[in-house]
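Asks: Compute the structure for the input listed below.
(chains A and B)
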Amino acid sequence: MILDIYKDALEYSAQDWIKLVILGVMCLFSFLLIPAFLITGYNYRVINTAVHGIINGRDSLPEFDDLVSMFVDGIKVVIVEIAYLIVPMIIFLVFALISSQLTGAASSGLMIIGCLITFIVVVAACLMSQMALCHMAYNDGAFSKAFALSEIKKAIDEIGWFECIATYLGLIIITLVISIVVTAIIGLIFTAFGISGAALGADPSGVFVLGAFINSAVAMFIVGPYLSIFNARSIGLLYSMQA
Amino acid sequence: MASITDCVVEGLKYPFNDIKKLLGCGVLFALMSVLSLGFSLKSFGIFKASVDVMEKTNSHFSALQFSQLPTGDIYITIAIAIISFIVALFIMGYQYDIVKFSIDKKQELPGFDDILGMFIKGVKYFIVTLAYNIIPILVLAAGIALLQDSSAILVIVFIAMILFIIAFFLLIMALNNMIAHDDIRKAFDFREIIGNIANLGRGKYIGIVIFTLIVYMIIMAATSFILSLLSMAFVAAISNQAVWVSAFIAIIEGLFIDSYGALFYNRVCGSIYRESIK
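Replies: The predicted model follows:
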């Protein structure tokens, strides 16, 4: 079942590379603040399509129409994520404050325990916030539903905590692997160019600079948007799996 | 309506319904920003002149004679302050109309034909705003005037802050209530105002107002960032004309950004009222 989600999401994100490039351009201009929210709003639309769809259900990528509501959706997504991440931050701060009052082994021991607990809570909070976004999208974007903790917990119970955490960890691994592999391949190609050029007596530094430039361009315009759509789609499909 | 945030989406789109009237409102805001620029320039000049006099005569500020100060500049500054207050009243009157149109669910933007009516509405809007903020202002002023002790002042400032926030949340609904019934007494009908808020749900009301403010702040931050880039480009291109560059930027900001923000905000306020009386 989990593998089906990944397969569907991988195919889904590869449908239309023009949309990936549009997202990449938004990412390039995200220092102007508004495009950054448009990107999160687009991911919210992907989630919205996924929670109302089924696995292997021939959905197409959302359009870039109605930018204003996309922008507002993006702000909602950011607020929900910040609200969920405040909890682990507070826990971490409490541990840091207490351990700064202690001395010696007690201080460092408490800090290690605090870091472990914070890490666990961060993973839980990320999972919960993604599920909260799905729950919000499923309920037509009602903001209060993103914080209806008991309903979200019920949804995760129905899917199964193990499946949720496994899918989530799998997503992180796939994301890392894809980005590392792509970077490594482009890097290798340009290293080969550079070395063969150097063997022929040319200055290889220009080739390496070009390689680094192309690498960041591919990461920004193709791989980054691809992976973000992939993640959003997978989480949305995971939510739609509840019985 | 599926979600209350749809009000915000609608409000963001609303100013684009009639670009001409948006710019008409923008002219008022541009006038306002140019006036405030002139005000700060002139008052800075007065400050500088009085410091010069103080250095020359080696006396304290309170010992200065009025005739020692640049009197002409002071009269100009006062005149600028009065004119900008009047312009602000017109702006408030226009905001009154926007809320009215929003409550009536009209899609078009209000016109500028009834200048006198706009002024009267502006005065009403101003009086209600002042009345709601008078208690925290008095608390703050009394606290600062009476207590010289530093720790007690902090407590007073904190209390005043909370009072300001409460007044702000009540004020929105009070203005809406006044505008919907077109009666200034309705702005102080606390039972109806609190009833309206309770009807929508207190948490929902506070949430939607805060959400609107967040959207407003993001738009303002983004546009002011772009404007600061623009003014940096101007300053790099044109040397020794800082006043003209800042006047130009102030006009652009008033013409497009401030007017858009005000239209957006008041439209959403009206929509909140419409949701609350359902």
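
Asks: Please make it C-alpha for all contacts and neighbour counts, starting now.
Replies: Will do.

Asks: How about the helix or strand harbouring B:Glu192 and chain A, any contact?
Replies: For B:Glu192, the element it lies in under DSSP states H and E is helix B:190-200. No. Residues of helix B:190-200 are not located near chain A by CA under 8 Å from any CA of the partner chain, the shortest gap being 13.3 Å.

Asks: chain center to the next helix or strand after that helix, what's the gap?
Replies: With elements assigned by DSSP H and E, the helix or strand that comes after helix B:190-200 is helix B:202-237. Mean-position distance between helix B:202-237 and its chain equals 14 Å (CA atoms, centre = their mean, to the nearest Å).

Asks: so, in contact with chain A or not, helix B:202-237?
Replies: Yes. Using CA under 8 Å from any CA, we find that helix B:202-237 touches chain A at B:215, B:218-219, B:222, B:225-226.

Asks: TSV for those, including neighbour count?
Replies: Shown next, in TSV, are the residues of helix B:202-237 next to chain A (neighbours: other CA atoms under 10 Å in any protein chain shown):
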residue	neighbour count
B:Val215	21
B:Ile218	16
B:Ile219	17
B:Ala222	16
B:Phe225	15
B:Ile226	14
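
Asks: of all those, which comes closest to chain A?
Replies: Proximity of the residues of helix B:202-237 next to chain A to chain A (CA to the nearest CA) peaks at B:Ala222, which lies at 5.6 Å.

Asks: Contacts only, for that closest one.
Replies: B:Ala222 is in contact with A:32-34, counting by CA atoms under 8 Å, 6 or more residues apart in numbering or on different chains.

Asks: what residue ranges in chain A score low on pLDDT?
Replies: Confidence mapping of chain A against pLDDT under 70 gives the ranges A:243.

Asks: What lies in contact with stretch B:93-100?
Replies: Looking at stretch B:93-100 with CA under 8 Å, 6+ apart, the contacting residues turn out to be B:25, B:109-110, B:117-123, B:125, B:176, B:179-180, B:262-263, B:266-267, B:269-270.

Asks: From the residues you listed, keep the buried residues only.
Replies: Buried residues within the contacts of stretch B:93-100, counting neighbours by 16 or more other CA atoms under 10 Å in any protein chain shown: B:25, B:109-110, B:118-119, B:121-123, B:125, B:176, B:179-180, B:262-263, B:266-267, B:269-270.

Asks: So B:Ile4, which state does it fall into?
Replies: coil (DSSP: H, G, I helix; E, B strand; the rest coil).

Asks: What residues does chain A have near chain B?
Replies: Counting by CA under 8 Å from any CA, chain A comes close to chain B at A:32-34, A:68-69, A:72, A:75, A:140-143.

Asks: Looking at those residues, which are in strands?
Replies: Assignment to strands by DSSP state E places none of the residues of chain A next to chain B there.

Asks: Name the member of the residues you listed with the most neighbours.
Replies: Ranked by the number of neighbours (other CA atoms under 10 Å in any protein chain shown), those place A:Phe143 first, at 25 neighbours.

Asks: Looks like it contacts A:Ala137 (just checking).
Replies: No. A:Phe143 is beyond contact range of A:Ala137, at 9.1 Å (criterion: CA atoms under 8 Å).
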